[in-house]
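sequence unknown, structure follows:
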């Protein structure tokens, strides 16, 4: 990584924004020039805690930074991206790219016109367990299907998007990353409090693989799991505990005059501890410094929203 200090602004100081703030304040490669929230009193309080400046007028402070991180509510993403794009090329926006497919397309077009460096906050790509799963699947003889489960009790802080755009989109991005482009989408779901609270989708990929994705905000138990069925193994991953177990194809042995026996091979994959958000931010800072590094970009954000839209249509909102 280059030694250049990146001057950065942070927009949105809810729970996720405060997570960003905590880590950004510790990075030596970052000069956090300002923080901003629509609730200015809240921004001032945090600014005092971290010895930072709380901005009131973004047009006045955006010209002073090299990059901006947007952690505001989803419905405001488009407006903040368009505002930031007047002054900076490097923009990180928490998922989803925008509130709707139409607005995501508009941001995609703007990005290409202005040659913006937009990174979308698909944090699970930086989960060390996911990094290991990709390596495992890349050497499999044949990946048949990958199942993703993500459940969480409805959070009072998420009121502007349904379970598809809030939770499921993480696994939609992973499904595209692990299994490639999608040919068909089938889905069903139910409403909860006026929005989709439970959804299940089946993606058929161009390469013949399947992704089965379940997301729920009406389930009391918090689950984050990935299970892959392959011709030569079964991979079981708990993303919360960052545990991966590989079950190899069993061997059947039988001697003359004796009953047969089955031997199973179970392997535990070591996953090194690493905070995904820290890795995500370090990747963004590296890209701002000019390093060629693979991150979830505006194309990935738009592709995920295309799938979300097809799921919404299938559920018949």
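Done, it's in. Since the structure is predicted, the reported quantities are computational estimates derived from the model, not experimental observations.

give me the contact list for stretch 294-309.
93, 95-98, 100-101, 104-105, 107-108, 111, 116, 118-122, 125, 164-165, 168-169, 172-173, 176-177, 182, 185, 201, 203, 283-284, 287 (CB atoms under 8 Å, 6 or more residues apart in numbering). Yep, even glycine has a C-beta here, placed from its N, CA and C like the rest.

now do stretch 35-50
Counting by CB under 8 Å, 6+ apart, residues outside stretch 35-50 touching it are 9-14, 17-18, 21, 25, 32, 52-56, 58, 61, 72.

put the buried members of the contacts of stretch 294-309 into a ChimeraX selection.
To isolate the buried members of these in ChimeraX, using 16 or more other CB atoms under 10 Å:
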select :93,95,96,97,98,100,101,104,107,108,111,116,118,119,120,121,122,125,164,165,168,169,172,173,176,177,182,185,201,203,283,284,287
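
which ones among the contacts of stretch 294-309 map onto strands?
Judged by DSSP state E, those include 93, 118, 119, 120, 121, 182, 185, 201, 203 as members of strands.

which residues touch the first one?
Contact partners of residue 93, counting by CB under 8 Å, 6+ apart, are 69, 70, 77, 80, 81, 118, 119, 120, 121, 301.

list the beta-bridge partners for the residue nearest to residue 5 when sequence neighbours are not counted.
Counting by CB to CB, 6 or more residues apart in numbering, residue 5 lies nearest to residue 31, which is 5.1 Å off, once chain neighbours are set aside. For residue 31, the beta-bridge partners under DSSP bridges are residue 7.

so residue 31 touches residue 7, yeah?
Yes - with contacts counted by CB atoms under 8 Å, residue 31 reaches residue 7, the gap being 4.8 Å.

more crowded one of the two?
residue 7 (17 against 14; other CB atoms under 10 Å).

in this structure the more buried one contacts residue 65, no?
Yes - here residue 7 lies in contact with residue 65, judged by CB under 8 Å, at a distance of 4.6 Å.

so what sits against both of the two?
By CB under 8 Å, 6+ apart, the residues touching both residue 7 and residue 65 are residue 33.

backbone dihedrals for the nearest residue to residue 201 once chain neighbours are set aside, please?
Distances taken as CB to CB, 6+ apart put residue 187 closest to residue 201, at 4.0 Å, once the chain neighbours are dropped. Taking degrees, to the nearest 10, you get phi -160, psi 160 for the backbone angles of residue 187.

ok, residue 187 - contacts?
Applying CB under 8 Å, 6+ apart, we find residue 187 in contact with 199, 200, 201, 202, 310, 311, 314, 315.

show me the beta-bridge partners of the first one.
In this structure, residue 199 bridges to residue 189, residue 215 when assessed by DSSP bridges.

now do it, the pLDDT please.
Note for residue 199: predicted pLDDT of 97.

which residues does it contact?
Listed by CB under 8 Å, 6+ apart, the contact set of residue 199 reads 163, 164, 168, 187, 188, 189, 213, 214, 215, 216, 311, 315.

need the buried ones from the residues you listed selected in ChimeraX.
Applying 16+ other CB under 10 Å to the contacts of residue 199 leaves a buried subset, and the ChimeraX line that selects it is:
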select :163,164,168,187,189,213,214,215,216,311,315
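
so what does residue 268 have for phi and psi?
phi -110, psi 130.

and residue 267, how many residues sit next to it?
Residue 267: 12 neighbours (other CB under 10 Å).

revised request: answer the last question for residue 34.
Other residues close to residue 34 by other CB under 10 Å number 23.

that one: what's it in contact with?
So residue 34 contacts 9, 10, 52, 53, 54, 55, 61, 64, 65 (CB under 8 Å, 6+ apart).

need the buried ones from those selected in PyMOL.
Buried residues within the contacts of residue 34, by 16+ other CB under 10 Å, are selected in PyMOL with:
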select buried, resi 9+10+52+54+55+61+65
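
taking the contacts of residue 34 one by one, which sit in helices?
residue 61 (DSSP state H).

now pLDDT and distance to residue 41 too, for the contacts of residue 34, in JSON lines please.
Putting the contacts of residue 34 into JSON lines (pLDDT from 0 to 100; distance: CB to CB, whole Å) gives the following:
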{"residue": "9", "pLDDT": "98", "distance to residue 41": "19"}
{"residue": "10", "pLDDT": "98", "distance to residue 41": "17"}
{"residue": "52", "pLDDT": "97", "distance to residue 41": "15"}
{"residue": "53", "pLDDT": "97", "distance to residue 41": "15"}
{"residue": "54", "pLDDT": "98", "distance to residue 41": "9"}
{"residue": "55", "pLDDT": "98", "distance to residue 41": "13"}
{"residue": "61", "pLDDT": "98", "distance to residue 41": "18"}
{"residue": "64", "pLDDT": "97", "distance to residue 41": "23"}
{"residue": "65", "pLDDT": "98", "distance to residue 41": "23"}
